[in-house]
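# Dropping a prediction and its sequence here:
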Amino acid sequence: MQKELFLGIVNTLSARYEYFQLRTDAACRISLSPLQKCMIVVRQLAYGGTADMFDEYLQVGESIGRERLKNFCQGVRETFRDTYMQKPTVADCQFLLDLHGRTHNFPGMLGSIDCMHWEWTNCPTAWRGQYTTGFKGTHPTIILEAIANQRLWIWHSYFGVVGSNNDLNVVQSSPLFNQQCKGYYLADGIYPSWPVVLNTIRCPTSRKMAYFTEKQEAARKDVERAFGSKMKVKESQTSSMKTLLDQATVLQASFIVRVYHTTMMNVFRHLLTCAKPKPIMHSNVI
């Protein structure tokens, strides 16, 4: 995590929530600083460590570590949700249409849609049946539905569906089509033949159909690359989510990973265009 991003989160949370401020207890002893409180949580997310990994260094037990993890995830979600997970505007939709028409030669394409399964190692035993499917291994999983563009911007994500469902069940419960731009999404063959979904042809029978299938599957790799950057580059963050016991905390921790992915894609895009990166987060967001 970049230094500017970390300090921006620390300053924002300490200005907004009393929990992350420097306080004194009943014995007039000074508690941990906002930097220490946020560092405990970030190291859990970054390295997949246990909640009591700072027990000897900062005298932080397991219960306090989990409590700070929950408060940190909740605070970041409430503070930066509108900034980093906002829905595309009219200008954004037009940008997506122009981008995919120019790069993939698919006029009217808004992005690629797909689902992936996040492994949940510490799923409660009573829930393992509904979170496990035979097609994705024997471990409980939680499904993430996402839409990504050619620049790996994930502008739609729907996380929390139990792992025993398939992509059809997820898209039927997803709020994707409540408010959408005029366009279509590239998908694999599991989705219905809707006007807003352009599926691939599984068994092309002509040269023209084979050419379309090749171009469609090549353009649909955008969402696969986005999933790869979330899982491989940030594998340590996702490994910490596997060890969480509370489903609500897993959902909030996944939001942290998505925010981190969005900020890193913004920085990477500015570096490619040789432009000065904009401030990742502002400390005066209240």
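Ah, there it is.
# burial count for Arg102?
Using other C-beta atoms under 10 Å, the number of residues around Arg102 comes to 11. Every C-beta, even on glycine, is put in place using the N, C-alpha and C of the backbone.
# Helix or strand: which one has it?
Element membership of Arg102, judged by DSSP states H and E, is helix 90-103.
# Tell me the gap between that helix and the middle of its chain.
Computed by C-alpha atoms, centre = their mean, to the nearest Å, the chain-centroid distance of helix 90-103 equals 22 Å.
# What of stretch 195-206?
That offset, for stretch 195-206, works out to 28 Å (C-alpha atoms, centre = their mean).
# who touches it?
106, 109, 113, 177, 180, 183-189, 191, 193, 209-210, 212-213, 216-217, 220 (C-beta atoms under 8 Å, 6 or more residues apart in numbering).
# Now the helix holding Arg102: buried residues?
Judged by neighbour count using 16 or more other C-beta atoms under 10 Å, the buried positions of helix 90-103 are Asp92, Cys93, Leu96, Leu97, Leu99, His100.
# Out of these, which is nearest to Arg151?
Checking the buried residues of helix 90-103 against Arg151 with C-beta to C-beta, the nearest one is Leu99 at 7.3 Å.
# so who does that closest one touch?
Asn149, Gln150, Arg151.
# 7 Å instead?
Asn149, Gln150 (C-beta atoms under 7 Å, 6 or more residues apart in numbering).
# Next one: it from Glu78, what distance?
31 Å (C-beta to C-beta, to the nearest Å).
# and what of Thr213?
44 Å.
# go on, Ala148?
25 Å.
# Please say which of these two ends up with more neighbours.
Neighbours per residue (other C-beta under 10 Å) separate Ala148 from Glu78, with Ala148 holding more: 27 against 13.
# ok, which stretches of the chain are helices?
Here the chain has its helices, by DSSP state H, at 3-16, 34-47, 55-58, 62-84, 90-103, 167-173, 207-219, 221-228, 235-242, 247-272.
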